[in-house]
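Q: Have a look; sequence and predicted model below, questions after that.
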Amino acid sequence: MNIAANDGVWSGSWVAERLGVELVGDDGLTALLGLALRRNPKRAHLLVSNVLGKHVPQSPAMVYGHGFALGRRVRDLLGEKEARRAVVLGYAETATGLGHCVADGIGLAPCLHSTRRPVAGVAPAGGFEESHSHATSHLLLPEDPALLATDGPLVLVDDEFSTGNTVLNTIRDLHARYPRKRYVVVALVDMRSPADAGRLTSFAEEIDARVELVAAASGTVLLPEGVLEKGQELVARYEESAASGDRSGAAPSGPAAQFPAPLPGVAPQADFQRNPPGVRGTARPAPTAPHQTDNRTTPHFTRIDLHWPQGLPDGGRHGFTPAHRIRLESALPTMAARLAEALPPDTRRVLTLGFEELMYAPLRVARELEALVTAEVRYSTTTRSPVLAVDDPGYAIRSRLVFPAHDNPADGPGDRYAYNVAGAGFDAVVLFVDSAGDTPELHAPDGLLARLGAHAPHVLLAVVPSYVPALPEESPAMLPEPLCGPAFSSYPPEDVGWLLQDLSDVTLEAPTEEREEAIQSGGAHYAESLPVEYQPSEQYQALFHAALETSAARIAQAVGVVTETVLAERSPRPVLVSLARAGTPVGVLMRRWAQFRYGLDLPHYAVSIVRGRGIDANALRWLAAHHDPRDIVFVDGWTGKGAITRELADAIEEFEERTGVSGFDPEIAVLADPGSCVRTYGTREDFLIPSACLNSTVSGLISRTVLRSDLVGPDDFHGAKFYRELAGADVSVAFLDAVSARFGEVVDAVDGAVKELAVADRTPTWEGWAAVERISQEYGIHDVNLVKPGVGETTRVLLRRVPWKILARAGAGADLDHVRLLAEQRGVPVEEVGELPYTCVGLIHPKYTRGATGADGKAVNL
C-alpha cells in the first residue's frame, strides 16, 4: 500500500459514507480534518487533524506554523501589555506541542502542559477530567507553583473545541484556586454544536470573567440518530474480521492466507500488532514474506546523541519559560546538524516521530532538519489512543503499529500506537523519546524500535533527558506506599489506601480496666495500647443488622448530601482523606457516591489523628508529595463535642509552619454533625450510624491507630493492626453494600437537601461543646474528655472504655436500642434527661481505678 498520497480524496469520506456523518463549516475545514472510528463508549468517531502532528505525518513547518499563527492571533487579541502577562496551558497528550507553538506565537508567555505521568516529589497544582478522551485524568505539575498563581490571562490550548467540557472543567478548577479576569481558549478547530456554543458565554457570566475563543477554522459534525451504536457495531465487526486472520506468527501458506477476509465494503485493518509484518496484511494485499520490511531490507538502528543542553526541560510538563525557549533555539542548529549527518546520504523521505506527550522538542528539531536537508521530512507522534485503521484513501488512519508502553506508566502496562507509519514509504525514522521512555520495553522484540524497523530500513533513536525538578537538598526520608487490602484490611484495594504501618504482629491489647486506670492516672496515653476487641453477642449482631436495615436509606442520603457539598464547594476532584478508623467507612461511601453519580474515581486514603498528639505529619507529607493539598478533604464519621475538629486545625497549622507546605483545609466533612462543629455535613441529626455499633468488624478489620515511640519512629506512619482472625465476623463490606444499594432511591432527596444547605447558614455554633462543659460541671466530672456526646461516641465508651453512666434524651427510640443493650451487659445505668442536645451522652468513669468496679467488673456508682 502507499499511504503517502490520498489521491485527492477527503480523508473523512469513508466514515461519512458509512455512518451518514457530515462535516460542515468553513471552506478549509476538510483540509484540516479527516475522520476515523474508535472503540469509545462516548463518541465513536474521531476528528483526525492533518496539521497537529499526532496521527498524520505532516511537514513540521506546517505543524509549527499553524500553532504559531494562532499564538499571534492571541497576542493581537490581548494586546502587548496583557500578552506579556499571559500563561499558556496545553492539554495532554495531543496538544502539548500545539500549546508550545501558541506560546511561541504570543512571544513571552511561559507554557505548561497537563500530564498523565505523575512525578515523585512534585505536588500537583491541580487536575481535571477530559470527558470524551480514551484516558481522562490530567495532572498539573509546575515546578514553580507561582506559574499558575498570577492574575494575568490564562490561554488554554487544545487541538479541537467540541463540547467544551474539558475546557470548562479546567477553568472551573483553576478559577477556584487562582481566580483571574480573562481566559482565552485556543483550538485548531471549533466544532461545537449550536447547543454547546452558548455555554461559554453563560459560563463566563457564572464566574464573572471574560472567556474568549480563537480557532483556525470552525464548523460542526452533524450526527444522524443512532450513529454511536452504528459506529460501535462497525468497529466491532471490523475488528472481529481482522482478528480472524492468522495471528500465530507462522508464515502463511500462500498469499490468500496472509489476510483476513474483508467485510463487504470494509477493508481489512492494517494492524501490525504482535505478529511479523505480512501476517496481518493490508487492504491491497501483495504477497509479502512474513519477516520482510516495507523496503525489503534489513533495518539498521543508530543511537544519536543530540547534545541536548544540560538542565533544559524536555517540554512543558513542569513549565517552559521564555528563557528555556531561547536556550532551545540556540541549540537547534547543532542538534539538527547531528541528525542530518546520521541520515544515509540517499534518504529521500524521513519521519521524525515524537513520543506521546513529548511533541514540542521533536517538532522543533524536525523543523530545523527540514530546512537543512533535501529529503522530504515529516513529523508525527505516538499515542495511547486506540483507533481503527482502514487502508482506504478516504479514511484518515491508513495503518497502525501496536507496541507495548515503554515508560512504566502510572496506570499500568498497555498498548501504544503509531499511525500512518507502516506503508508510508519512509527511508528513515528518527524516534524521539525522553529518558523515562528509554526502557527494555522500547528495545524488546515486540517493542516500538522493532515495529519501526519492520517498515523503514534506517531507524535512529534520539533520547532527550527527562527533566525532573530538583528536590530540596535535605528532603525527609522516603515514605512507603499506602497499605491496601487484602494484605491490610478486608476492603477492596481500590476503596482505600491506608497511610499506616502494619503492627499486626505486635501485642498491643490490654484489659479495658487496666487501660482506663493508666490513661486517667497519666501513666499512659490512650493511643499507646489497644482495647481487647469486643466480640458481639448474637443478640447484639442481630440488633446491628436490624439497625442497618432501618437506617441504610437515611445514611445513603447523608452520604449523598455531604459528597455533593464537597464536590460543589471544596473541589471538583477531591482527594478524600478519612480519619481512621471511624471516618474510613464514610470515606469509602463518599467515594462510591461519586462513582455512582458522576463516574468519578476519587482517591481515598486513611490517616491517623490522635487527641493530644495531632495528625500523622508523615501522612500529610506523603499526601503533599502526591496531591495538591488544596484538593485534600478530611472525612470523619460524626462530630461529638468537636475535639478532633480543633485538634486537626491546630495540627495543620503547626505542620504548615514547620514544613512550609501550605494549602491543607482543616475543615472536616462528616456524615453527621450533631455538635454543630463543621460546615460540611450530611445531616446535623444525632442518629444511629450502624458502623458505630462495632469496632474493627465494620471497619475493614483494622484496629484503632497506635502511636508509641518504641514502635513509631520520626519518619514512620502511625500504626494499626489488621485482625485477620476476625474475618468470620466481618461485616465491613456488607455495611457498605447495604448503604450503596440505596443510593438510587435517595437521589431526589439528596438534591433537595443540597439546595437547601447551599443557602442555609451553616456556621458552626459549637453548641455541643457548650453542652459537654455544662454536663461536666453538673455531674462533678470536671474533665470534658470524659464526656462523650452523641450516639457514636456513647457506643465507643461502652465498647472501649469503663463507662460510668449513660444520659439518654427522653423519648429517644430505636436509635438507642444497641446502647441500652450494651449498657445492660456492662451494668451501666441509663438516665433519661429532658434537655439534651444529643440523643445520648456517655460518661466515662471519673477518677477510675480498678477498685471502683465490682467483683464482676461492672461499673459502680460513685
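A: Received the coordinates, thanks.
Q: Now do E481: how many residues are near it, please.
A: 9 (other CB atoms under 10 Å). In this view, the C-beta of every residue, glycine as well, is placed from N, C-alpha and C.
Q: Show the pLDDT at it.
A: Looking at E481, its pLDDT stands at 88.
Q: residue contacts, it?
A: By CB atoms under 8 Å, 6 or more residues apart in numbering, the residues touching E481 are G497.
Q: May I have stretch 457-468 exported as CSV, CA atoms only?
A: C-alpha atoms of stretch 457-468 as CSV (Å, rounded to 0.1, in the frame of the first residue of the first chain):
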residue,chain,number,x,y,z
PRO,A,457,15.5,0.4,6.7
HIS,A,458,17.0,3.0,9.0
VAL,A,459,15.8,3.8,12.5
LEU,A,460,17.6,6.5,14.5
LEU,A,461,17.0,6.8,18.3
ALA,A,462,17.3,10.3,19.9
VAL,A,463,16.9,10.3,23.7
VAL,A,464,16.1,13.6,25.4
PRO,A,465,16.9,13.7,29.1
SER,A,466,13.6,13.7,31.1
TYR,A,467,13.5,16.8,33.2
VAL,A,468,12.7,16.4,36.8
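Q: buried stuff in it?
A: Buried residues in stretch 457-468, defined by neighbour count with 16 or more other CB atoms under 10 Å: P457, H458, V459, L460, L461, A462, V463, V464, P465, S466, Y467, V468.
Q: Give the buried residues for stretch 315-327.
A: Buried residues in stretch 315-327 (16+ other CB under 10 Å): G315, G316, R317, H318, G319, F320, T321, H324, R325.
Q: Now the first one: closest residue in space that isn't a chain neighbour?
A: Translated: G315. Y360 (5.1 Å; CB to CB, 6 or more residues apart in numbering).
Q: does the one you found really touch H100, like I thought?
A: Yes: counting by CB atoms under 8 Å, Y360 touches H100, with 3.9 Å between them.
Q: hey, what's in contact with both of these two?
A: The overlap between the contact sets of Y360 and H100 (CB under 8 Å, 6+ apart) consists of G315, G316, F320.
Q: and which of those residues is nearest L223?
A: Using CB to CB, G316 is the member of the shared contacts of Y360 and H100 that lies nearest L223, at 33.9 Å.
Q: Just want the most central residue of the protein.
A: S137 (5.0 Å; CA atoms, centre = their mean).
Q: in the sheet, who's paired with that residue?
A: Beta bridges link S137 to E129 when assigned by DSSP bridges.
Q: And for A215?
A: Assigned bridge partners for A215, using DSSP bridges, are A187.
Q: pLDDT value on it, please?
A: Model confidence at A215 (pLDDT) stands at 95.
Q: what residues are up against the residue nearest to G315?
A: So Y360 contacts T96, G97, H100, C101, G315, G316, F320 (CB under 8 Å, 6+ apart).
Q: Point out where the protein drops to low pLDDT.
A: Residue ranges of the chain with pLDDT under 70: 1-7, 127-136, 242-299, 471-477, 510-527, 534, 691-693, 800, 815, 847-862.
Q: before we move on, back to that, redo the shared contacts of Y360 and H100 as TSV? Include secondary structure and distance to R199.
A: Rendered in TSV, the data for these read as follows (DSSP: H, G, I helix; E, B strand; the rest coil; distance: CB to CB, whole Å):
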residue	secondary structure	distance to R199
G315	coil	31
G316	coil	27
F320	strand	31
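Q: Closest to E528 out of these?
A: For the shared contacts of Y360 and H100, the nearest to E528 is G316 (49.5 Å; CB to CB).
Q: which strands and helices sit next to the lengthiest helix in the chain?
A: In the chain, with assignment by DSSP state H, the single longest helix is helix 538-569. Under the contact definition 3 or more CB pairs under 8 Å, 6 or more residues apart in numbering; DSSP states H and E, helix 538-569 sits against helix 583-598, strand 668-672, strand 680-683, helix 732-740, helix 743-759, helix 817-826.
Q: P486: what's its closest spatial neighbour, skipping adjacent residues?
A: P493 (7.5 Å).
Q: helix or strand for that neighbour, which one?
A: P493 is part of no helix or strand, with elements assigned from DSSP states H and E.
Q: My read is that it contacts G485, right?
A: Yes: between P493 and G485 there is a contact at 5.3 Å, judged by CB under 8 Å.
Q: Looking at these two, which one has more neighbours?
A: Each of P493 and G485 has its neighbours counted (other CB under 10 Å); G485 has more, 21 against 14.
Q: That one - that's part of a helix, no?
A: No: under DSSP: H, G, I helix; E, B strand; the rest coil, G485 sits outside any helix and is assigned coil.
Q: show me what contacts it?
A: G485 neighbours (CB under 8 Å, 6+ apart): Y491, P492, P493, D495, V496, G700.
Q: Please repeat the previous calculation with a cut-off of 6 Å.
A: By CB atoms under 6 Å, 6 or more residues apart in numbering, the contact list for G485 reads Y491, P492, P493.
Q: Save those as a markdown table, and put in distance to D427 too.
A: Output for the contacts of G485, formatted as a markdown table (distance: CB to CB, whole Å):
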| residue | distance to D427 |
| --- | --- |
| Y491 | 56 |
| P492 | 52 |
| P493 | 49 |
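Q: so which of those comes closest to F355?
A: P493 (30.5 Å).
Q: my guess is that closest one contacts C484, does it?
A: Yes: at 3.9 Å, P493 counts as touching C484 under the criterion of CB atoms under 6 Å.
Q: Quick check: end-to-end length of stretch 576-591?
A: 8 Å (CA to CA, to the nearest Å).
Q: what's the answer for stretch 612-622, then?
A: 22 Å.
Q: Show me what that stretch is in contact with.
A: Residues contacting stretch 612-622 (CB under 6 Å, 6+ apart): L479, L499, V607, S608, I609, L648, A651, F655, L707, F717, H718.
Q: Spell out which two among those residues are the most distant pair, please.
A: L479 and L648 (20.0 Å).
Q: more crowded one of the two?
A: The residue with more neighbours, out of L479 and L648, is L648; 21 against 17, by other CB under 10 Å.
Q: Tell me the buried residues in the helix or strand hosting that one?
A: Applying DSSP H and E as the criterion places L648 in helix 643-659. By neighbour count on 16+ other CB under 10 Å, the buried set for helix 643-659 is A643, I644, T645, E647, L648, A651, I652, F655, E656.
Q: Which elements pack onto that helix?
A: Packed against helix 643-659 by the contact rule (3 or more CB pairs under 6 Å, 6 or more residues apart in numbering; DSSP states H and E) you find strand 614-615.
Q: in its sheet, what does the strand it packs on sit against?
A: According to DSSP bridges, strand 614-615 forms sheet pairs with strand 609-610 (antiparallel).
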